[in-house]
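Trainee: got a predicted model here, sequence first, then my questions.
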Amino acid sequence: MKPYESALTRLECPECGRGFDPDRAQTVCEGCLSPLLARYDLKNLAAWFQPGTPAARPRGLWRWAELLPVRKAENRLTLGEGDTPLLPAARLGKKLGLSQLFIKDESPNPTGSFKARGLAVAVARAIELKQREFVIPTAGNAGGALAAYAARGRAKAHVYMPMDAPQANQQEVRMAGADLQLVDGLISDAARLAGQQAKHKRWFDMSTFKEPYRVEGKKTMGLELAEAFDWRLPDVIVYPTGGGTGLVGMWKAFEELEALGWLDGRRPRLVSVQAEGCAPVVRAFQQGAARAEPWQEARTLAAGLRVPSTFADRLILRALRESRGTALAVKDEEILSAKQDMAQLEGILPAPEGAATLAALPHLLTEGWLERDEKIVLFNTGSGLKYL
């Protein structure tokens, strides 16, 4: 295995263990109705791939190429995604009585959100596998990211988006030359229509977890976090959960880093935050259920959290429980207040989804779930400028 060569060996269904050929375009395990996960030759990779290896390379997501699925360097699309700042939040921490509070700020990514990570890798790998026309349902940011990376890769993109999605999201899709279809309904309605068109017109479906590689791009958030803390992970990660790709991706990243021998085996407790008006994962977690039932009449100002159901519910719930984590929902009013606090006290104007993580902290402290000296990381998943 050579430097910058992907160590990808297979795709695997996490439910039944069945393997799939990674060098053919794949979707899901039809038997289990489960996402597929990429697996790597970590044993051989560990012989020479060391923490200093990616650290010595030019900044960006692709410095982790061995742990990503794209085989040829010329297929690795980039707009400068990854290596976002991990910022101490001392003033917010002081207000809450927390001594080690940090914010991983994803807003500097291309298209202004963490969606750039997942779509950069997914589009690059799909193009490498000879796919040239894509479709995605989106609450907003994923559609903008697909449009941008499809344009970068000289491919075609079709984006299905609720008609009340932020205007900034709608305009960025159009400006990138993608086909935008506005849907009267929620992201679940957009997903139904996008899925129908994918089958009818043979477009490749980039829906969350309906292909194997968006989660690989998102896992780089976990790789960066581990590196930033010198391979000693924080105690708690608080993460806003819509489709859950980042949560699953980071848990996968930690598993892979452990297999490489880079971590001490102590992983963070994961906290999934949703909105009170749409909290299927929270309800399932609190009920001890293995699956999350679709949420009826979903309502929240946080567009990225207005996701009535997620295809990866089993993976999300498993990660929360394996990490000894928790899940909770916050009110829209709390999100707005937290958004202002993050902007005024730390200078970060968060997306509503990112503000939801801050809104969750008082609840966790009141419940005694957090210790005030624990190292805690909030994820701001995007720029609040897109919601003004």
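Mentor: Arrived safely.

Trainee: quick one: list the elements packing against the least confident helix or strand in the chain by mean pLDDT.
Mentor: Least confident helix or strand, the chain: helix 187-201 with a mean of 93, by mean pLDDT, DSSP states H and E. Applying 3 or more Cβ pairs under 8 Å, 6 or more residues apart in numbering; DSSP states H and E, we find helix 187-201 packed against strand 133-137, strand 156-162, strand 179-183, strand 204-205. C-beta here means a position set from N, CA and C on the backbone, and glycine is covered the same way.

Trainee: between the third one and strand 133-137, how big is the angle?
Mentor: Following axes from the mean of the first three to the mean of the last three Cα atoms, to 10 degrees, one obtains 20 degrees for the angle between strand 179-183 and strand 133-137.

Trainee: let's test this: mean pLDDT of strand 179-183, rounded?
Mentor: Strand 179-183 carries an average pLDDT of 97.

Trainee: ok, and what's touching it?
Mentor: Contacts with strand 179-183, where a contact means Cβ atoms under 8 Å, 6 or more residues apart in numbering, come from 143, 156-163, 165, 170, 173-174, 189-190, 193.

Trainee: try the first one
Mentor: Residues external to strand 133-137 that are found in contact with it (Cβ under 8 Å, 6+ apart): 123, 126, 142-143, 146, 150, 155-161, 187, 190-191, 193-195, 197-198, 201-207.

Trainee: and for the last one?
Mentor: Outside of strand 204-205, the residues within contact range by Cβ under 8 Å, 6+ apart are 25, 27, 126, 131, 133-136, 194-195, 198, 211.

Trainee: ok, back up a step: what subset of the contacts of strand 133-137 is buried?
Mentor: Neighbour counting by 16 or more other Cβ atoms under 10 Å classes 123, 126, 142-143, 146, 150, 155, 157-161, 187, 190-191, 194-195, 197-198, 203-207 among those as buried.

Trainee: what's the separation between the most centrally placed residue in the chain and Glu293?
Mentor: Geometric centre of the chain, nearest residue: Gly246, 2.7 Å, by Cα atoms, centre = their mean. Separation of Gly246 from Glu293 (Cβ to Cβ, to the nearest Å) stands at 22 Å.

Trainee: ok, Phe285 next?
Mentor: Counting by Cβ to Cβ, the gap from Phe285 to Glu293 is 12 Å.

Trainee: these two: who's more crowded?
Mentor: Neighbour count, other Cβ atoms under 10 Å: between Phe285 and Glu293, Phe285 has more, with 22 against 13.

Trainee: can you verify the more buried one is assigned to a strand?
Mentor: No: the assignment for Phe285 by DSSP: H, G, I helix; E, B strand; the rest coil gives helix, which leaves it out of any strand.

Trainee: return the residues in contact with it.
Mentor: Residues near Phe285 by Cβ under 8 Å, 6+ apart: 272, 317, 320-321, 326-327.

Trainee: could you say which helix or strand holds Leu98?
Mentor: Counting by DSSP states H and E, there is no helix or strand that carries Leu98.

Trainee: how much space separates it from Leu320?
Mentor: In terms of Cβ to Cβ, Leu98 sits 21 Å off from Leu320.

Trainee: and the two? Which one has more around it.
Mentor: Leu320 (25 against 21).

Trainee: wait, a strand at the more buried one?
Mentor: No: assignment of Leu320 by three-state DSSP gives helix, placing it outside any strand.

Trainee: my guess is it contacts Val273, does it?
Mentor: No: counting by Cβ atoms under 8 Å, Leu320 does not reach Val273; the two are 11.4 Å apart.

Trainee: now the end-to-end length of stretch 194-208.
Mentor: One end of stretch 194-208 to the other measures 12 Å (Cα to Cα, to the nearest Å).

Trainee: other SSEs contacting whichever helix or strand Leu336 is part of?
Mentor: Assigned by DSSP H and E, Leu336 belongs to helix 332-346. Packing contacts for helix 332-346, counted by 3+ Cβ pairs under 8 Å, 6+ apart, involve helix 90-96, helix 352-366.
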